[in-house]
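*Asks:* task: produce atomic coordinates for the following.
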Amino acid sequence: MYETTIDEILEAQNGDQDKLNDIVERNARLIWSIVKRFQNTKYETEDLFQIGAIGLIKSIKKFDKQYNVKLSTFAVPYILGEIKRFLRDDGIVKVSRSLKELNYKIEALRREYEKQGKELNIEIIKNELKETKENILLAMELDNGVKSMDEEISDDGKENTLYNQIKVESYEDETIKKMILKDEISRLNEKERNIIILRYFYNKSQKEVAANYGISQVQISRIEKKILLKMRENIKEKI
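*Replies:* Below is the predicted model:
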């Protein structure tokens with residue numbers, strides 16, 4: 001089996017993207033050997049391979065020759081850990097239990113209103129369940145799934161995507177990009193995660209999100225910039 005040399009690892013660690021890609025490609029058999037353990041899951045093996053590749057890349061970035069082990073040995077727990085972490089998640093982003101419970105309550109309320117021949121709307125749900133419009137919107141969208149991370153949103157006539165905002169440029173593979181973003185979004189606190197979801201998955205404008213929180217568009221813009229900056233810095237550390 002191919003073994004990566006220390007010089008090759010150092011080149012990759014020093015920013016040689018071609019060398020990094022080459023190491024990943026030549027260690028594909030190692031990744032596949034771990035992916036085979038998870039063949040009975042609901043996920044495509046190709047997707048799990050891409051997730052495993054993220055683990056391998058992390059191990060390359062963290063490798064130190066003083067460990068006195070081969071990269072293939074050092075990388076195994078990183079690859080395995082990355083796949084297991086993904087399998088623990090439910091969907092593209094983690095959904096809090098409170099939102100799931102709210103979704104059930106809204107559905108029960110909808111059925112009750114249907115029996116009475118009445119129409120249900122956001123204001124009624126807000127008054128009945130004593131919840132914010134923002135949480136109601138998020139909970140109602142659980143059944144519909146989230147939009148693509150590369151879908152464009154518009155503010156003041158400027159088109160943008162979450163990819164562009166975070167600048168995930170180090171990987172050409174779209175699946176890897178999505179997995180990196182998915183991991184970062186899941187690490188945000190509930191308020192931060194909700195803002196990003198509303199903005200980039202549900203295509204809400206800053207003005208609409210600000211209205212949900214009862215603050216100004218300028219304040220939401222500042223909060224969003226801080227969140228994106230934090231995500232960007234975290235991703236830099238990974239890649």
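*Asks:* in the longest helix seen in the chain, which residues are buried?
*Replies:* The residue-count maximum for a helix in the chain (DSSP state H) belongs to helix 217-238. For helix 217-238, burial by neighbour count (16 or more other C-beta atoms under 10 Å) applies to Gln217, Ile220, Ile223, Glu224, Ile227, Leu228, Met231, Ile235. No exception for glycine: its C-beta is placed from N, CA and C like everyone else's.
*Asks:* helices or strands next to that helix in the packing?
*Replies:* The helices and strands touching helix 217-238, judged by 3 or more C-beta pairs under 8 Å, 6 or more residues apart in numbering; DSSP states H and E, are helix 45-62, helix 162-166, helix 174-187, helix 190-196, helix 206-213.
*Asks:* could you point out the helix or strand that follows the longest one?
*Replies:* When you say that, I think you mean helix 45-62. Following helix 45-62 in sequence order, the next helix or strand is helix 71-88 (DSSP states H and E).
*Asks:* and that next one, which residues are buried?
*Replies:* Residues of helix 71-88 classed as buried under the neighbour-count rule (16+ other C-beta under 10 Å) are Leu71, Ser72, Phe74, Ala75, Val76, Tyr78, Ile79, Leu80, Glu82, Ile83, Phe86.
*Asks:* quick one: distance of it to the chain centre.
*Replies:* For helix 71-88, the distance between its averaged C-alpha position and the chain's averaged C-alpha position is 18 Å (C-alpha atoms, centre = their mean, to the nearest Å).
*Asks:* that's all I had, so thanks and see you.
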